[in-house]
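> Everything below, folded, please.
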Amino acid sequence: MSDSKNESLAESTSIVNSQTEPIFNEVVEDPEPPHKDLYGDVQGVVMYKFFGEWKKARWQPPYPNPITLEPYIWKKGDEMWRVANHYRVPLDWLLICNRISYGRRDKVAVGRAITPTYTPNNADWYIKYGY
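Okay, here's the model as predicted:
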């Protein structure tokens with residue numbers, strides 16, 4: 001009986017020790033960015049974090065509402081305006097969402113996924129027509 005009593009005491013002590021020991025090895029990940037894969041009427045100002053600093057996104061809501069959120073896989077001979085019609089969104093919106101300049105709109109690599117949702121990024125400030 002004393003063996004079982006010692007075992008239960010040892011178990012309860014180890015449980016208490018494991019509960020009271022500080023945990024230093026926990027990795028705390030950054031939370032999901034609040035503005036990712038946006039479409040439709042988003043409330044408030046859209047911001048993104050760049051090198052630890054919050055910046056206002058270049059394109060602000062309301063955003064277009066695509067008929068589907070499934071990515072379109074680019075095939076040889078595709079044209080961006082047809083993909084925009086597929087989603088029923090403006091061509092400019094699709095270019096913005098995929099960070100494609102107007103001049104390169106039909107020179108997309110075969111197999112690239114085209115999405116109709118916007119995620120703000122610092123590169124948005126440099127995407128202009130033809131640059």
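
> hey, let's count contacts and neighbours off CA atoms from now on
Will do.

> How about stretch 44-58, which residues are buried there?
V46, M47, Y48, K49, A57 (16 or more other CA atoms under 10 Å).

> so the third one is in which element?
I take that to be Y48. strand 47-50 (DSSP states H and E).

> Can you give me the distance of N98 to Y118?
8 Å (CA to CA, to the nearest Å).

> What segments of this protein are strands?
47-50, 53-56, 72-73, 113-114 (DSSP state E).

> Now render these as CSV, adding distance to Y39 and mean pLDDT.
Listed next are the strands of the chain as CSV, based on distance: least, CA to CA, whole Å; pLDDT from 0 to 100:
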stretch, distance to Y39, mean pLDDT
strand 47-50, 14, 78
strand 53-56, 17, 80
strand 72-73, 16, 94
strand 113-114, 14, 94
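
> Next, format those as TSV and append distance to N85.
Below are the strands of the chain laid out as TSV (distance: least, CA to CA, whole Å):
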stretch	distance to N85
strand 47-50	28
strand 53-56	29
strand 72-73	12
strand 113-114	13
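
> Among the ones you listed, which comes closest to P90?
P90 lies closest, by CA to CA, to one member of the strands of the chain: strand 113-114, at 13.7 Å.

> Okay, now the sheet partners of that closest one, with direction.
Using DSSP bridges, the strands paired with strand 113-114 are strand 72-73 (antiparallel).

> hang on, the earlier thing: identify the farthest-apart pair in the buried residues of stretch 44-58.
Longest span within the buried residues of stretch 44-58, CA to CA: V46 and K49, 10.6 Å.

> so I96 touches Y118, yeah?
Yes. Using CA atoms under 8 Å, I96 is in contact with Y118, at 7.4 Å.

> What ranges does the protein have for its helices?
2-20, 80-87, 91-97 (DSSP state H).

> who's in contact with the last one?
If I follow you right, that is helix 91-97. 64, 80-81, 84, 101-102, 105, 114-119, 124, 127 (CA atoms under 8 Å, 6 or more residues apart in numbering).

> now with 6 Å?
Applying CA atoms under 6 Å, 6 or more residues apart in numbering, the set of residues contacting helix 91-97 from outside is W81, A84, P116, T117, Y118.

> Quick one: which of these is the most crowded by neighbours?
P116 (28 neighbours; other CA atoms under 10 Å).
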